[in-house]
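Asks: need a structure here:
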Amino acid sequence: MTRATIARTKPAQESAAPAAALLAWYDRHRRRLPWRALPGESVDPYRVWLSEIMLQQTTVKAVAPYFAAFLDRWPTVADLAAAPVEEVMKAWAGLGYYSRARNLHACAIAVARDHGGRFPADIAGLRALPGIGDYTAAAVGAIAFDLPAPVVDGNVERVVTRLETVDDPLPGAKPLIRALVADMLDPARPGDFAQAMMDLGATICTPRKPACALCPLRPFCAAAAEGTQESYPRKAPKKTGTLRRGAAFVVVRADGALLVGTRPPKGLLGGMTEVPGTEWSADFDEAAALAAAPLPLAVRRLPGLELAVFRAEAPQDMPPGPGLRWIAAGEIAGEAFPTVMRKVIAHALPGR
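Replies: The predicted structure follows:
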């Protein structure tokens, strides 16, 4: 019987001890985060939901200014629902994983339209909203509504696999980890427990060189007892991805306007603004890419990027072509360009 299996059969009093130690530590050392209510403050589900969507695959440091800007511009879910999706995409530009922005807007509309501007206070209702999966439903449910839901992100996976020496590799071990968290959480303080586990993983039980001497769960941690902390969580071998390449065409009009288009709403970088370009493929032929130039202009290859970047100058009266548009030089900074497109533009148009 593995340590993780044994943990599932612990008496309730023994299972409660780690949670009590963790919450005592959290009460002293909790992080101050812009979306987190202070002790005694009421929790705003909108702030919890907004932060959880933004924090997916993104760091706290990167999210903080975006969260503040969104909250300043759209202080309630109804405000966000009423905003044009194009404006939301522009405000999101730079955070990456752009399907989150589309789903964020769709979810805000659903909450405003179907729930009177209030998030459902149950897991099933939250799970039914656009863009909310099992993790986000559990996080919003626990933190905003104190529902006894096991919240498991990457930090929590690391803490639990070390605590119980879970040898099954991720992602296959996720159901077991969720069950272990469900056994361990304090039903009287599920929101604080969820945030405490996240804080512990972010500040103490880090991927490398964890500060075990400061950890409130050290007395209960099997990996710490064995000295094998950094070998958890186990991970399945990564599949080698295929390198894809393509070309981008930066076309500038005589007055400084830039030729752009909008990507389809579905798929990679959906709904974002881009300069014209080719499809990305493993067998990209740079010589043949010139046939995909958006306008009949002389283009020159710009060195310095893996992506093939071509630049051309267009006369003032040249029409943009099907599916494309000109944007004024002063509007470039405010467009919803993904990071890769901003790098392309900066490379082709230094100083813009």
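Asks: What about residue 239, how many residues nearby?
Replies: Using other Cβ atoms under 10 Å, residue 239 is surrounded by 6 other residues. All C-beta atoms are positioned from the backbone trio N, CA, C, and that covers glycine.
Asks: brain fart, residue 157
Replies: Counted with other Cβ under 10 Å, residue 157 comes out at 23.
Asks: Which positions in the strand or helix carrying it come out as buried?
Replies: Using DSSP states H and E, residue 157 maps to helix 154-163. Judged by neighbour count (16 or more other Cβ atoms under 10 Å), helix 154-163 contains these buried residues: 155-163.
Asks: repeat for stretch 185-196
Replies: Using 16+ other Cβ under 10 Å as the burial criterion, the residues of stretch 185-196 that qualify are 185-186, 189-196.
Asks: Might you report the residue contacts of residue 29?
Replies: By Cβ atoms under 8 Å, 6 or more residues apart in numbering, residue 29 lies in contact with 199, 203.
Asks: again, but for residue 131
Replies: Going by Cβ under 8 Å, 6+ apart, residue 131 touches 53, 99-100, 102-104, 106-107.
Asks: between the buried residues of stretch 185-196, which is nearest residue 168?
Replies: Nearest to residue 168 out of the buried residues of stretch 185-196 is residue 185 (Cβ to Cβ; 20.7 Å).
Asks: That closest one - nearest residue in space that isn't next to it in sequence?
Replies: Excluding its sequence neighbours, the residue lying closest to residue 185 (Cβ to Cβ, 6 or more residues apart in numbering) is residue 193, at 4.7 Å.
Asks: Can you verify the one you found is assigned to a strand?
Replies: No. Judged by DSSP: H, G, I helix; E, B strand; the rest coil, residue 193 forms no part of a strand; its state is helix.
Asks: if I look at it, how far off is residue 24?
Replies: Using Cβ to Cβ, to the nearest Å, one obtains 12 Å as the distance from residue 193 to residue 24.
Asks: Quick one: the helices in the stretch 251-352 of the chain, in order.
Replies: 286-289, 339-348 (DSSP state H, counting those that start in this stretch).
Asks: Just give the closest residue to the spatially most central residue of the chain, not the sequence neighbours.
Replies: With distances taken as Cα atoms, centre = their mean, residue 56 lies nearest the centre of the chain, 2.6 Å away. Closest residue to residue 56 apart from its sequence neighbours, by Cβ to Cβ, 6+ apart: residue 100 at 6.3 Å.
Asks: same check, this time on residue 198
Replies: Using Cβ to Cβ, 6+ apart, the closest residue to residue 198 is residue 155 (5.1 Å).
Asks: Nothing else from me, thank you.
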